[in-house]
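Colleague: for reference, the sequence and a predicted model appear below.
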Amino acid sequence: MTSDAIVIGAGLAGLVAAHELAARGRTVTVIDQEGRQNLGGQAFWSLGGLFMVDTPEQRRMGIRDSIELARDDWMGSAGFDRVEDEWPRRWASAYLEFAAGEMRGWLSGLGLTWFPVVGWAERGGGMAGGHGNSVPRFHLTWGTGPGVLAPFVKSVLAHEDAGRITFAFRHRVDRLEVSDGRVRAVSGSVLADTDVARGAASPREVTGDFRMEADAVIVASGGIGANFDLVRKNWPVDRLGPPPATMISGVPEHVDGRMIGIAEDAGASIINRDRMWHYTEGIRNWDPIWPHHGIRILPGPSSMWFDAEGQRLPVPCLPGFDTMSTLREICTRGHDHSWFVLTQKIIEKEFALSGSEQNPDFTSGKWIEVLKSRRGKGAPPPVEAFKEKGADFVVADDLESLVQGMNAIGTGRIDLQHLRDQILARDRQLTNPFAKDLQVVALRGARNYRGDKLIRTAKPHQILDPGNGPLIAVKLHILTRKTLGGIETDLDGRVLSVDGTPIEGLFAAGEAAGFGGGGYHGYNALEGTFLGGCLFSGRMAGRAAG
C-alpha cells in the first residue's frame, strides 16, 4: 500500500493534518488502532475549551487581553529551564501569535462558535510573573469536543468519498522504517474488527500484518495518560513527591503512548518525559466507559480543600488556581486523595464536570438546553447524578455525620473538632468586608468578573450555617490526563533525531509531540491549550508535509 502521506492517529491533530494534506491534493492514509467508531479520538470526550487571546468574546465581557500579557502568563507558567527547551519555547511563541491572530478567524470560517461567557481557568499561584492566567481566556466551543471535531470530520469524510483519504482502522503501527536519515514505511499488526462502544476497551487479537510506504509520515498518536506504568516510570519524584498509590484515568485505554517509544526506536529525540499534567479534582465515574474512568470537577473558588487527613491545603492550592502546586502538596504528604467540603448552594452554582458526556446541554449547542440545565432547581443534572450515585460523594445535614461518612471511605483519620475549627475560622472571615484568608479574598475578587458572578461563583456564605446546607464532601482522586513532553520537532513539525537533525519525511503533531516541539507548555498548562495545540501543530505538520 502506498500514498503520498501517512497519518498515524485519527484524533484531532491527525484529522487536522489529514485535512490540510488532502486540501493540497495529496493522497493520505490515516492509520488508527481503534475502529471507525472512535474517529476523533479523545478530543470527542473533551469540554471543547480553547485558549485564545484578545477575542470579541473577551471584549464583550469587559476583559482586556493582549499578546504581551498572554506571553507573560505563558512563559511564567512554563518555566523553561533546560537546553532542550529551545524548540518548545519557539513553539510556545508561535502558538501565542496564532492564538492572538488568525486562530479564531480560521476556526470561525470552518463553522465554530463559542459560548459568550469566557471561562477563567488555572488562575495561578499568586505572583504576576509566575504561573496562571491573568484574565479569562477559556473559550468554550458550542458543541464541546464534538463541535471542535465536526468541521475536520466532515472534511476528511468528504475526501474519503473523493478517494483522496483512505482509513486503515484496527491497524496498529509497530515500526517506523527509517534508513539513510529518511522514513521509508510503517509496518505493524492488523487487529480483529470490533463493535465495542466508542471509548470502551477493545480487544488486541492480531489477525495479520501490514506495511505501507509514503513520502511523509505524521505521528499524531496521543500521549501516555491511560498507561499507568509509563506514568509512574516517568513520574518526577524529586519535583512532585512519590506517585499516588491509586489513580483514575481521564482518557480511554488506547491512549497508551506506544508510538512515542516506537518513534524513539526509529531515532527520534524524546524530551521532557517527566512533564505531565494530571488533575487533582478527579472523581470516579459512576457509569464508566473505559477502565478506571474518572471525571474532573471544574470547581468555582468557594469549596474548602483538605488533605486526606482533614488538614486544609495552603495557598496557592485553591480550587481552580494552581494544579501542579496542589498535586505536589498532596503527593509530598503521601496521599492519593484529598477532599472538597462545601454546601448545596456552592455545588448548585460552582460545580461543573469536564467533558462532552457530562455537558449534554453545551454539547447540543442549543441555548434552550443550557437554560433548562443551568437555571433549573438544584445543580445541573449531571452533577446531581454524581451527588446521588457517585461513590465519592458524602451528603449530610450536620458536620458530625459528614465526617463519619468521610472516614468511612477515606483514611478514617479526620478529626471532627479540628475540621470544625478550620471551617469556623474561614466562616468568621465573612462577617465583614475585610479578610486575611486568601481564599475569601480570591472569592470576592472572582465575583468582580461579570462572567463568574453570573454563572460560576456562589454568593459568599458560611459553610456551617444550616440554611446553606446540606453539607457535601467530595473525595478527590488524582486523574491522569496529558503528556506535556514528547517527540522533539522543529516549527514545521519535522521530527528531530538525537543529534538535532531532522529525520526526512517524518513529522509529529499533537500530544505525541508535547503539543508542539516536544513540550510547548513547559511545566504548567494554562488550559484550552490541549485542543488548541492539536489544532495548531496538526495544521503546521500537515502544511509542511504537503
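Modeller: That came in fine, so what should we check first?
Colleague: for the residue lying closest to Lys389 once chain neighbours are set aside, helix, strand, or coil?
Modeller: Once flanking residues are discounted, Lys389 sits nearest to Trp286: 4.3 Å by C-beta to C-beta, 6 or more residues apart in numbering. C-beta here means a position set from N, CA and C on the backbone, and glycine is covered the same way. The three-state assignment at Trp286 reads coil, by DSSP: H, G, I helix; E, B strand; the rest coil.
Colleague: quick one: contacts for Trp286?
Modeller: Under the criterion of C-beta atoms under 8 Å, 6 or more residues apart in numbering, the contact list for Trp286 reads Ala385, Phe386, Lys389, Gly390, Ala391.
Colleague: and these, which are buried?
Modeller: Judged by neighbour count, with 16 or more other C-beta atoms under 10 Å as the criterion, the buried members of the contacts of Trp286 are Phe386, Gly390.
Colleague: from the contacts of Trp286, which two are the most distant?
Modeller: Of all pairs drawn from those, the one with the longest distance (C-beta to C-beta) is Ala385 and Ala391, at 12.7 Å.
Colleague: what ranges do the helices span in the stretch 351-500 of the chain?
Modeller: Remark: helices of the stretch 351-500 of the chain, listed N- to C-terminal, are 360-364, 367-374, 381-389, 399-409, 416-428, 438-446, 450-455; assignment by DSSP state H, counting those that start in this stretch.
Colleague: with respect to Glu205, which of the ones you listed lies nearest?
Modeller: Within those, the stretch nearest Glu205 is helix 360-364; the backing value is 33.2 Å (C-beta to C-beta).
Colleague: how far off centre is the closest one?
Modeller: 18 Å (C-alpha atoms, centre = their mean, to the nearest Å).
Colleague: now swap in stretch 468-476 and tell me
Modeller: A distance of 25 Å separates the C-alpha centroid of stretch 468-476 from that of its chain, computed with C-alpha atoms, centre = their mean.
Colleague: just stretch 242-256 next, same as before
Modeller: Relative to the chain's own centre, stretch 242-256 is displaced by 13 Å; criterion: C-alpha atoms, centre = their mean.
Colleague: quick one: buried residues of that stretch?
Modeller: In stretch 242-256, the ones that count as buried by 16+ other C-beta under 10 Å are Pro243, Pro244, Met247, Ile248, Ser249, Gly250, Val251, Pro252, Glu253, His254, Val255, Asp256.
Colleague: nearest to Trp120, of those residues?
Modeller: Using C-beta to C-beta, Gly250 is the member of those that sits closest to Trp120, with 21.1 Å.
Colleague: can you tell me how far the closest one is from Val178?
Modeller: 33 Å (C-beta to C-beta, to the nearest Å).
Colleague: rewinding a little: looking at the helices of the stretch 351-500 of the chain, which is closest to Val183?
Modeller: helix 360-364 (38.1 Å).
Colleague: with just CA atoms, put the host helix or strand of Arg543 into PDB.
Modeller: Using DSSP states H and E, the element containing Arg543 is helix 529-545. The C-alpha atoms that make up helix 529-545 are tabulated as PDB, following Å, rounded to 0.1, in the frame of the first residue of the first chain:
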ATOM      1  CA  THR A 529      -4.100  24.700  25.200                       C
ATOM      2  CA  PHE A 530      -4.500  21.000  24.600                       C
ATOM      3  CA  LEU A 531      -7.100  21.100  21.900                       C
ATOM      4  CA  GLY A 532      -5.500  24.400  20.700                       C
ATOM      5  CA  GLY A 533      -2.200  22.700  20.500                       C
ATOM      6  CA  CYS A 534      -3.600  19.800  18.500                       C
ATOM      7  CA  LEU A 535      -5.200  22.200  16.100                       C
ATOM      8  CA  PHE A 536      -2.100  24.300  15.700                       C
ATOM      9  CA  SER A 537       0.500  21.500  15.500                       C
ATOM     10  CA  GLY A 538      -1.700  19.400  13.200                       C
ATOM     11  CA  ARG A 539      -2.100  22.300  10.900                       C
ATOM     12  CA  MET A 540       1.600  23.100  10.900                       C
ATOM     13  CA  ALA A 541       2.700  19.500  10.200                       C
ATOM     14  CA  GLY A 542       0.000  18.900   7.600                       C
ATOM     15  CA  ARG A 543       1.000  22.000   5.600                       C
ATOM     16  CA  ALA A 544       4.700  21.300   5.900                       C
ATOM     17  CA  ALA A 545       4.300  17.600   4.900                       C
END
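Colleague: roughly how far is that helix from the heart of the chain?
Modeller: Relative to where its chain is centred, helix 529-545 has its mean C-alpha point 16 Å off (C-alpha atoms, centre = their mean).
Colleague: stretch 265-283 too?
Modeller: 13 Å.
Colleague: what does stretch 499-519 give?
Modeller: Relative to the centre of its chain, stretch 499-519 is centred 20 Å away, using C-alpha atoms, centre = their mean.
Colleague: isn't there a strand covering Phe210?
Modeller: Yes. The assignment for Phe210 by three-state DSSP puts it in a strand.
Colleague: run through the bridge partners of it.
Modeller: Gly188 (DSSP bridges).
Colleague: who touches it in this structure?
Modeller: Counting by C-beta under 8 Å, 6+ apart, the residues that Phe210 touches are Met1, Ala168, His171, Ser187, Gly188, Ser189, Val190.
Colleague: the residues you listed: which two are farthest apart?
Modeller: Of all pairs drawn from the contacts of Phe210, the one with the longest distance (C-beta to C-beta) is Met1 and Ser189, at 14.6 Å.
Colleague: which of the two has more residues huddled nearby?
Modeller: For the pair Met1 and Ser189, the greater number of neighbours falls to Ser189 (17 against 14), based on other C-beta atoms under 10 Å.
Colleague: which residues sit in contact with the more buried one?
Modeller: The contact partners of Ser189, taken as C-beta under 8 Å, 6+ apart, are His171, Arg172, Asp174, Val206, Gly208, Asp209, Phe210.
Colleague: can you say which of those are buried?
Modeller: Neighbour counting over those (16+ other C-beta under 10 Å) leaves His171, Arg172, Asp174, Phe210 as the buried ones.
Colleague: closest one of those residues to Asn448?
Modeller: Using C-beta to C-beta, those come closest to Asn448 at Arg172, 51.6 Å.
Colleague: counting neighbours, what do you get for the closest residue to Phe351 other than its chain neighbours?
Modeller: For Phe351, the nearest residue in space outside its immediate sequence neighbours is Val383; the separation is 4.9 Å by C-beta to C-beta, 6+ apart. As a burial measure, the neighbour count of Val383 was computed by other C-beta under 10 Å and equals 21.
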